[in-house]
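Asks: Can you look at this prediction? I've put the sequence above it.
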Amino acid sequence: MKKALILCFVMILASFSAFSADELNYEKIYAIDDEIVSDMKDLYILSGYSLPSTTGPYSGSEMKMALSRLDYDALSEAGKRLYDRIDMILTSDAESAVFTGDVTVSPELYMHSNKSEYFQSWDNWSEDWADTEPLLSLVAEQHIGSSFYGFFDFSVGTTKTKFPYPESAFGDSIAETNIPIDIMENLDFNFPYRAFVAAGGGHWSLQVGRERYSWGPGQTGNFVLGDHIKYHNSARITAFDDNFKYTFLVLSFVHPQNYYFQGSSPNDDSGIATSRELNQTGSTAGQSAYLNGISAFIAHRLEWRFFDNKFGFALTEGVMYMSKDNRIDLIALSPAHLFHNSYTRSLTNSILAFEFDYTPINGLNLYAQIVVDEMILPGEPIPGKEGADPAEPTAMGYMLGATYVMPLFDGILSLNLEGAYTDPYLYLRDGDQQAGESGRVQSPGNWGINYVVPTREMIWNGGAQFYDEQFLGYKYGGDAIVAEFSASFRKPGEYYFGGSFFYMAHGTHDQWTVWTRVNGDYHNVTTPTDEHQTANNKDENANKRDAVRHLIDIGLNGGLELPYGFSIYSNIHFLTLIHPGNIKANAPEFDCQWMLGVSWSL
């Protein structure tokens, strides 16, 4: 039956291509990992321009406007090749039939040498699960008139959470694959991961549905919206002109009261409240679970270009809005509001970010990010000061980076150096009165109005639901010092290869660390921490953490386009982990992680 359905779907996609479009439609939405996005970035840097917009994804109209800023005659030969390639792709997509379809088969094999718990689950692998491919992808696109675009990806693959959880985890065997061998246990029923409708024109774009986002120029991640979360349920509107772009975004999440509860279910008040990431008990389990409350990330982002396109600046203000009893404050949905000045701490938690980039010479771009989750103003108590009143801990992050791009032979050589620092309590906070707190404190077992968000995953053939809690912004969260050097060479549309050296010192804090106000009794105010002084809502033994964890990751990667729609791609990483689990007594661990994929697209 399933084979017949897939065959029928393929035939429908093929028949769609017969309907031709009468108008050019530039409203296709290009994903953040689309190669055309990398092409545009390299083209801008080669041309001596500051980065194109770093607020992805992008409409074809926006990409077309980005091309129009450039003087074609002034471009180098390499720049003209990139320009021509981008223009050809945009024009070809704009001329697409009303309905188009694509079928891609991509079996992937993952192998590693160390089955230790420290290299189990996707969160402990070098490759992000969001970057993996499903075994089968059936894509349908609709180009309606000149203003409307639709996208739907029917995929067949394996769940991120391996069955049975928590007895099993990805990486508990030497070899893994994206082929759902145990169909009723690990087949992923959570598709589509990318599906939406969009509308737009020459200076605007509206998109509603499931999409993956990234805001910022970072290579190791970004502070407000990282690309490590595979999808968001979202609504986005963007307006853009030659030197300015405005984006308003709403992301929807499950309220944490649905997975922070006592006992074994929301109606069981025995035991201690904690994060119950797996909900499978009784009539409240799986698809029958009643989800209550509102949780949404709401943000606006403004981007400017200055000094003849040499300097770029972006300002982002966002707010995490939560209401356990489904109350909506409409001012939070105003694109022109200053979220911080709502002063509704029991409902919201605001965040602010600044980004800068400058291209002083052709081929060299310098960039920086600063995020402010909590900062201390003059006259306020100082966190960690002996004898002082308790103070709210500073929660900020800083990133500096440089990218050098140059033509080499018939391809593009790119070098990147990046460093980041995040405070221990970045993204964390209490839940205030909404979570039943009195005063600015987070009691152990209580959730917070923070920037730790759940992706709800149905597993075990829909019989249970798993809440995958991740930081919304920088994937490594707070309490981290990160440095990375990477190099790559690619000939767009044909092949690529590269390597990277990654280092991270990570303290004891994670997304389940209980937030607290701090004074002289708490020294965990600077990164990296070597003691977990507060409670933890997932690890009852977090107080045993007594060391900084160090990770060294040396990686190689490459890919090659082959005839007849085939391609092959692979990466290998050599990892060294010192003080695993942030435990000083633990011996170093080593792992070699290898991925091999083959893809065929019809």
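Replies: Nice, thanks for sending it over. In this text the structure is predicted, and so the values were computed from the model without any measurement.
Asks: C-alpha only now, for contacts and for neighbours.
Replies: Noted.
Asks: So, low pLDDT: which residues of the stretch 151-300 of the chain?
Replies: Residue ranges of the stretch 151-300 of the chain with pLDDT under 70: 261-286.
Asks: Stretch 338-346: how far from the chain's middle?
Replies: Stretch 338-346 sits 26 Å away from the centroid of its parent chain (Cα atoms, centre = their mean, to the nearest Å).
Asks: how about it: buried residues?
Replies: For stretch 338-346, the neighbour count (16 or more other Cα atoms under 10 Å) marks F339, H340, R345, S346 as buried.
Asks: Quote the end-to-end distance of it.
Replies: Taking Cα to Cα, to the nearest Å, the first and last residues of stretch 338-346 lie 17 Å apart.
Asks: Can you tell me what sits against it?
Replies: With contact meaning Cα atoms under 8 Å, 6 or more residues apart in numbering, stretch 338-346 is reached by E317, G318, V319, A332, N349, S350, G431, D432, Q433, Q434.
Asks: Mind picking the lowest-pLDDT entry from the residues you listed?
Replies: pLDDT across the contacts of stretch 338-346 is lowest for A332, at 83.
Asks: what sits against that residue?
Replies: Residues I298, Y321, F339 are the ones in contact with A332 under the rule Cα under 8 Å, 6+ apart.
Asks: Strands - which of those residues land there?
Replies: Among those, DSSP state E puts I298, Y321 in strands.
Asks: Just the CA coordinates for the host helix or strand of W594, please, in PDB.
Replies: Element membership of W594, judged by DSSP states H and E, is strand 589-601. Only the C-alpha atoms of strand 589-601 are listed here, as PDB (Å, rounded to 0.1, in the frame of the first residue of the first chain):
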ATOM      1  CA  GLU A 589      37.600   9.900  25.500                       C
ATOM      2  CA  PHE A 590      38.400   9.700  21.700                       C
ATOM      3  CA  ASP A 591      36.100   9.000  18.800                       C
ATOM      4  CA  CYS A 592      36.300   8.900  15.000                       C
ATOM      5  CA  GLN A 593      33.000   9.700  13.400                       C
ATOM      6  CA  TRP A 594      32.400   9.100   9.700                       C
ATOM      7  CA  MET A 595      29.500   9.800   7.400                       C
ATOM      8  CA  LEU A 596      29.000   8.700   3.800                       C
ATOM      9  CA  GLY A 597      26.000   9.600   1.700                       C
ATOM     10  CA  VAL A 598      25.000   8.900  -1.900                       C
ATOM     11  CA  SER A 599      22.200  10.900  -3.500                       C
ATOM     12  CA  TRP A 600      20.100  10.500  -6.700                       C
ATOM     13  CA  SER A 601      17.700  13.100  -7.800                       C
END
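Asks: and that strand, how far out from the chain's middle?
Replies: 21 Å.
Asks: ok, now stretch 327-336?
Replies: 25 Å.
Asks: Could you find the closest non-adjacent residue to W125?
Replies: Counting by Cα to Cα, 6 or more residues apart in numbering, W125 lies nearest to F119, which is 6.4 Å off, once chain neighbours are set aside.
Asks: What of E374?
Replies: What sits nearest to E374 in space, not counting adjacent residues and going by Cα to Cα, 6+ apart, is A395, at 4.7 Å.
Asks: still on that earlier bit, show me the buried residues of stretch 338-346 that map onto helices.
Replies: Judged by DSSP state H, helices contain none of those.
Asks: for the residues you listed, which one is nearest K538?
Replies: Closest to K538 out of the buried residues of stretch 338-346 is S346 (23.5 Å), distances taken as Cα to Cα.
Asks: Show the contacting residues for the closest residue to the closest one other than its chain neighbours.
Replies: Leaving aside its chain neighbours, S346 sits nearest to D432 (5.1 Å; criterion: Cα to Cα, 6+ apart). Each residue near D432 by Cα under 8 Å, 6+ apart is listed here: R345, S346, S438, G439, R440, V441, Q442, G448, I449.
Asks: now the helices: where do they sit in the chain?
Replies: Using DSSP H, the helices of the chain run over 2-16, 35-46, 60-68, 77-94, 183-186.
Asks: tell me the centre residue of this protein?
Replies: Centroid-nearest residue in the chain: D227, 2.3 Å away (criterion: Cα atoms, centre = their mean).
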